[in-house]
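Enquirer: coordinates for the following, if possible.
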Amino acid sequence: MTTGRNITRPEAAARAQHLIAQASHAALGTLVPDTGGPYVSLVAMACQGDGRPVLLLSALAAHSRHLAASDKVSLLVEGGSRTADLDQPRLTLTGRAIRLDEPGQAKTAFIARHPDMADYDVALDFSYYVVEPDAGRYIEGFGAIWSFEANELAMADRP
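Expert: Residues are numbered from 1 along each chain as shown. Here you go, the predicted model:
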């Protein structure tokens, strides 16, 4: 497999899509209502068939309160090993987090990735959100960086 600067833009987009599809956790950035400052938290995630990230968030969490005031988010998805090495692939998405009243496909995708959380939205105070990205920045290592529009990261809907 070629790496870094040797891959084409379509290959980089496919690798970014793969990161989203394989991720089980991400860093979620929200805006603090009182200050407008950033707040980052670790969240469980999955990917629905069209490539959009799905989150299951507790109403008690600070990020949920922030989303009630502003739906603007940033989501960092990492690939590779958990080391201090900055040569690991990663993708930062920016966009909006939309709370789903009828989660349907999003819930199905999330439970497939996190079966132990299947009843959180029923037994606890959790709600499903889908991240609607407007842009992404994929980094595969030093000097291997691509910026994408949302449509370049979308995947064909799959079961």
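Enquirer: contacting residues around Glu103?
Expert: Rather than Glu, residue 103 is Pro. Residues counted as contacts of Pro103 (CB atoms under 8 Å, 6 or more residues apart in numbering) are 110, 121, 128. Where you see a C-beta, it was placed from the backbone N, CA and C, and this is true even at glycine.
Enquirer: which ones among those map onto strands?
Expert: Tyr128 (DSSP state E).
Enquirer: strands along this structure, start to end?
Expert: Using DSSP E, strands in the chain cover 25-31, 38-47, 53-58, 72-78, 90-99, 126-141, 144-149.
Enquirer: can you name the residues that contact Ala59?
Expert: 125-127.
Enquirer: report the buried members of those residues.
Expert: 126-127 (16 or more other CB atoms under 10 Å).
Enquirer: dump the contacts of Ala59 into CSV; add distance to Ala59 and pLDDT as well.
Expert: Shown next, in CSV, are the contacts of Ala59 (distance: CB to CB, whole Å; pLDDT from 0 to 100):
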residue, distance to Ala59, pLDDT
Asp125, 4, 89
Phe126, 7, 93
Ser127, 7, 94
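Enquirer: want to try a markdown table for the contacts of Ala59, with distance to Pro89 as columns?
Expert: Shown next, in a markdown table, are the contacts of Ala59 (distance: CB to CB, whole Å):
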| residue | distance to Pro89 |
| --- | --- |
| Asp125 | 34 |
| Phe126 | 29 |
| Ser127 | 30 |
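Enquirer: quick check, nearest of the contacts of Ala59 to Asp71?
Expert: Ser127 (12.9 Å; CB to CB).
Enquirer: lowest confidence element among the helices and strands of the protein?
Expert: In the chain, no helix or strand scores lower on mean pLDDT, DSSP states H and E than helix 120-123, which sits at a mean of 82.
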